[in-house]
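Asks: Sequence plus predicted model, see below.
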Amino acid sequence: MIPAKTLVAVALGTLWLSGCATSTSPSSMPADAEWLDRASDCCAELADLPLMDLSTRGSQELEFGPMAPVHRFDTGVSAFRALRLPRSSGPLRLELVSAVQRDVRGQPALFAPTLLILDEAGRIRRRHDWQEFTYRPAQGLKGDRLTLSLDVMPSSDADRLVVLTTEAALSAETELLHPARALARARHLAEPAVLNPLAVHRARGEVTLRVHPIGETAGLLAPLMAGGGDEPAPVSPPADAGMAKTADTVPHGQPTPAPLDWRRTIRAALAAGDLDLAMSLAERAELAGETGTRRWLAQQLERR
């Protein structure tokens with residue numbers, strides 16, 4: 001039998017382990033969406049949604065509640081956040097995290113996101129519903145959460161993203177891993193007969209959006225991405241400026257940074273088994289003027 005003190009300690013910080021399920025049974029907790037019923041529709045169609053700018057790297061906290069714009073989507077009325085994808089960034093890796101929150105009574109709840117990728121005309125090109133998010137049990141200082149990671153190449157077909165929730169999500173719940181079960185799994189013991197808690201889905205909440213240029217997130221490829229591609233050309237100083245420098249201050253023999261070897265980079269992505277990255281890099285190479293890179297990649301895949 002697991003000591004009670006141990007279970008209490010685990011409740012404060014459980015280990016990372018997999019295990020999740022969702023339920024569509026109604027929750028006994030209030031929907032907390034009265035403000036949503038009173039809100040007016042901000043826009044006539046998706047193309048009119050107000051946009052925020054998305055940075056090429058970093059983290060943004062997206063808040064959903066009475067202060068957020070509201071729209072009647074085809075999946076129901078929802079608060080939303082819409083962001084414009086930066087065209088000059090090259091391929092990006094996006095990670096969305098919706099953490100489980102607890103009310104004053106300790107009852108868990110979360111915002112179950114849906115992600116839309118729209119083209120420049122406001123048409124939906126990609127949709128990732130909340131069921132596609134992965135449940136991550138609490139680990140260390142990180143609590144229970146839903147996460148989604150995807151790659152996107154900003155273009156006319158991927159011009160903006162929209163984060164919202166749906167009526168179907170609001171009628172569902174997410175099953176969390178009980179701390180006692182987490183401890184038992186970590187120690188390869190029989191799991192205790194305790195019920196996993198259920199997190200109701202709310203119309204308000206927060207989603208963390210993390211963005212990185214795809215080369216920076218690909219550890220193996222980061223050295224290959226350095227010094228090539230979209231770096232601006234060095235600016236030559238005026239002729240008379242050079243006259244003011246002495247022989248001790250002027251560097252001699254410094255090599256000019258070589259352009260990025262796109263095909264070598266793509267080969268490294270293929271060797272790492274990351275096909276999505278290889279395809280994104282091929283697209284970026286084409287945009288950088290390396291015509292024929294997509295055809296070359298297709299040939300490489302045929303030979304594998």
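Replies: Yes, it's here. Numbers count the residues shown, from 1 in each chain.

Asks: show me what contacts the nearest residue to residue 45 once chain neighbours are set aside?
Replies: Excluding its sequence neighbours, the residue lying closest to residue 45 (Cβ to Cβ, 6 or more residues apart in numbering) is residue 122, at 6.4 Å. Every C-beta, even on glycine, is put in place using the N, C-alpha and C of the backbone. Contact partners of residue 122, counting by Cβ atoms under 8 Å, 6 or more residues apart in numbering, are 45, 46, 47, 48, 49.

Asks: Nearest to residue 207 among the residues you listed?
Replies: residue 49 (16.2 Å; Cβ to Cβ).

Asks: and the gap between the closest one and residue 101?
Replies: Going from residue 49 to residue 101 by Cβ to Cβ, to the nearest Å gives 26 Å.

Asks: give me the element the residue nearest to residue 45 is part of.
Replies: Assigned by DSSP states H and E, residue 122 belongs to no helix or strand.

Asks: The host helix or strand of residue 270 packs against which elements?
Replies: Taking DSSP H and E as the criterion, residue 270 maps to helix 262-271. Applying 3 or more Cβ pairs under 8 Å, 6 or more residues apart in numbering; DSSP states H and E, one finds that helix 262-271 makes contact with helix 222-225, helix 275-287, helix 293-303.

Asks: all helices of the stretch 101-250 of the chain, in order?
Replies: 167-170, 179-186, 214-217, 222-225, 239-243 (DSSP state H, counting those that start in this stretch).

Asks: before we move on, back to that, turn the helices and strands packed on helix 262-271 into TSV, columns for mean neighbour count.
Replies: Listed next are these as TSV, based on neighbours: other Cβ atoms under 10 Å:
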stretch	mean neighbour count
helix 222-225	16
helix 275-287	21
helix 293-303	13
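
Asks: which residues of the stretch 101-250 of the chain score low on pLDDT?
Replies: 215-250 (pLDDT under 70).
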